[in-house]
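Novice: Turn this into a model:
(chains A and B)
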Amino acid sequence: DVKVTQSSRYLVKRTGEKVFLECVQDMDHENMFWYRQDPGLGLRLIYFSYDVKMKEKGDIPEGYSVSREKKERFSLILESASTNQTSMYLCASHHTEAFFGQGTRLTVV
Amino acid sequence: QQQVKQSPQSLIVQKGGISIINCAYENTAFDYFPWYQQFPGKGPALLIAIRPDVSEKKEGRFTISFNKSAKQFSLHIMDSQPGDSATYFCAAEGSTLGRLYFGRGTQLTVWP
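Specialist: Predicted coordinates for the structure are as follows:
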């Protein structure tokens, strides 16, 4: 069965902290994506990756970076967390369709 | 700039009724149009999808209608059930594999 696992369901971090969100997929997919989901705004693409060590900016990359050292793992990094990054973060991997993780609800206080 | 526009933002339908959600796009390079269903506390999951070489696709109670000339597509849920209550997202994909552009979502409530 297809599985995309995000390391945390809920996180609370302080302003200015460096935050790591981890995502692992077990389907050997090359393409992985990070979205944030906010009420009324839908899913907005932050970054994506087509292969190990490769990354592409999405629509809202400011304040974020990513790391893809292994094919199965795609990490989202908030360099210095701010309150406007409080959101639901969704990871997805894609082959013929996108498979999403359950999301990480991040609160920055 | 919203690449895919979705309406309505929320929808309340009586059990057994028809739910209709509409989406529109501008980029004619889009060639794949999926709909995702999301329940509270879960990630979105693919519900049904269509390519522009057909005007309609049906899977059970769910139907996508596609109008290429108008650059519009819609999701119809027949005989809506309380278990269909969820948030629905339309999306579009173009030449960049897996790069999806999502609508803002429709929160559907089906009451008994």
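Novice: So which bits of chain B are right by chain A?
Specialist: Residues of chain B lying near chain A by C-beta under 8 Å from any C-beta of the partner chain: B:6, B:9, B:34, B:36, B:41-46, B:49, B:89, B:97-100, B:102-105. For the C-beta atoms, the positions are set from N, CA and C on the backbone; glycine is no exception.
Novice: Mind checking which residue lies nearest the centre of chain A?
Specialist: In chain A, the C-alpha nearest the mean C-alpha coordinate belongs to A:Trp34, at 3.4 Å (C-alpha atoms, centre = their mean).
Novice: residues contacting it?
Specialist: Shown in contact with A:Trp34 (C-beta atoms under 8 Å, 6 or more residues apart in numbering or on different chains): A:21, A:23, A:45-48, A:58, A:64, A:66, A:74, A:76, A:89-92.
Novice: Now stretch A:27-38: buried residues?
Specialist: Going by neighbour count (16 or more other C-beta atoms under 10 Å in any protein chain shown), the buried part of stretch A:27-38 is A:His29, A:Asn31, A:Met32, A:Phe33, A:Trp34, A:Tyr35, A:Arg36, A:Gln37.
Novice: what do you get for stretch B:2-19?
Specialist: B:Gln3, B:Val4, B:Gln6, B:Ser7, B:Leu11, B:Val13, B:Ser19.
Novice: pretty sure the third one is touching B:Ile21, no?
Specialist: Yes: in this structure B:Gln6 lies within contact range of B:Ile21 using C-beta atoms under 8 Å: 6.9 Å.
Novice: can you give me the strands in the chain?
Specialist: Going with chain A. In chain A, the strands defined using DSSP state E lie at A:4-6, A:10-13, A:19-25, A:31-38, A:42-49, A:56-57, A:64-70, A:73-78, A:87-94, A:98-100, A:104-108.
Novice: looking at chain B here, not the other one
Specialist: Under DSSP E, chain B gives strands at B:4-7, B:10-14, B:19-25, B:33-38, B:45-50, B:56-59, B:62-67, B:72-77, B:86-93, B:100-102, B:106-111.
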